[in-house]
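**Student:** Need the 3D shape of this:
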Amino acid sequence: DSKYFLLVDDDNVFNDKTDIKRMVEILDTTDLSLVGGKFTGYQEYSGFMDIVNKGKGRLTLTLYKESCSLVNQTIPNYPDCVRCDVTSNVFVARTRDILGVGGWSEDIKVGEHKDIFLRLKALGQKVAYCKDFQVFNKRSKGQDTDYLALRRGIRLRWMSKLFKRRWNIDKFSEKGSSRFKDFDISQLTH
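**Tutor:** Sure, this is the predicted structure:
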């Protein structure tokens, strides 16, 4: 049994800012469940999630990307780390906390980390984003943009079905941090 685990995608490359020991230190000295980092060479994905009831039981989940630092809930003793709901798919987490929310589902092949972060949020587990913990995301410069758009569309449709089935969420959207002003800050009490 491992106290912690590191999750990283196969297209990420470690560099001199990939300090795993520091991430473990943060978990050892805080009540955080998960500490995530930053992709370089690719879009930033950390942010806050907002679930809004649109009436008649219709729920909308919005991810406000790049919004963590806007709330300015710095982790004590770690000035480069802030509270968050979602980080990029590179993180160190407490094994027991992830298992405590059900771990990874065998049936989820895409969007699996969004589901984990949603379950962590639902159970009041704490997540942080540390901008100084980085990996390089090695995307091929020659990747076909039509293929990537198709892949993104398939992933979003599949995630929409998953969120409807698991969470009764009718709509999933991603917005930039400029739209974050609509976010209800009281949701950060956990």
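**Student:** Determine the longest strand present in the protein.
**Tutor:** strand 127-137 (DSSP state E).
**Student:** got the CA coordinates for it in CSV?
**Tutor:** Provided in CSV are the C-alpha atoms of strand 127-137 (Å, rounded to 0.1, in the frame of the first residue of the first chain):
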residue,chain,number,x,y,z
VAL,A,127,-7.2,20.1,-3.9
ALA,A,128,-4.4,22.5,-4.6
TYR,A,129,-2.7,23.8,-7.7
CYS,A,130,1.0,24.6,-7.6
LYS,A,131,2.2,26.6,-10.6
ASP,A,132,5.9,25.9,-9.7
PHE,A,133,5.4,22.1,-10.1
GLN,A,134,5.6,21.6,-13.9
VAL,A,135,5.8,19.0,-16.6
PHE,A,136,6.3,19.6,-20.3
ASN,A,137,3.3,18.4,-22.4
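**Student:** Sheet partners, orientation included, of it?
**Tutor:** If you go by DSSP bridges, strand 127-137 pairs up with strand 12-14 (antiparallel), strand 34-40 (parallel), strand 78-84 (antiparallel).
**Student:** Could I get the full set of helices for this structure?
**Tutor:** Here the chain has its helices, by DSSP state H, at 20-29, 68-71, 95-100, 112-122, 145-167.
**Student:** nearest to residue 5, of the ones you listed?
**Tutor:** Among those, helix 95-100 comes nearest to residue 5, with 5.5 Å by CB to CB. Placement of C-beta: from N, CA and C, glycine included.
**Student:** contacting residues around that closest one?
**Tutor:** 1-5, 33-34, 104, 116, 120, 123, 125 (CB atoms under 8 Å, 6 or more residues apart in numbering).
**Student:** Can I get these in a markdown table including neighbour count, pLDDT and distance to residue 161?
**Tutor:** What follows is the contacts of helix 95-100, written out as a markdown table (neighbours: other CB atoms under 10 Å; pLDDT from 0 to 100; distance: CB to CB, whole Å):
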| residue | neighbour count | pLDDT | distance to residue 161 |
| --- | --- | --- | --- |
| 1 | 5 | 79 | 34 |
| 2 | 8 | 91 | 32 |
| 3 | 10 | 96 | 35 |
| 4 | 19 | 96 | 32 |
| 5 | 11 | 94 | 28 |
| 33 | 21 | 97 | 27 |
| 34 | 25 | 95 | 25 |
| 104 | 13 | 80 | 18 |
| 116 | 25 | 88 | 17 |
| 120 | 22 | 93 | 21 |
| 123 | 13 | 91 | 23 |
| 125 | 21 | 94 | 25 |
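**Student:** can you tell me how far the residue of the chain positioned farthest from its centre sits from residue 89?
**Tutor:** Most distant from the centre of the chain: residue 56, at 28.4 Å, with distances by CA atoms, centre = their mean. Distance of residue 56 to residue 89, given as CB to CB, to the nearest Å: 34 Å.
**Student:** again with residue 1
**Tutor:** For residue 1, the distance to residue 89 - CB to CB - is 23 Å.
**Student:** ok, and the closest non-adjacent residue to residue 15?
**Tutor:** Excluding its sequence neighbours, the residue lying closest to residue 15 (CB to CB, 6 or more residues apart in numbering) is residue 136, at 5.5 Å.
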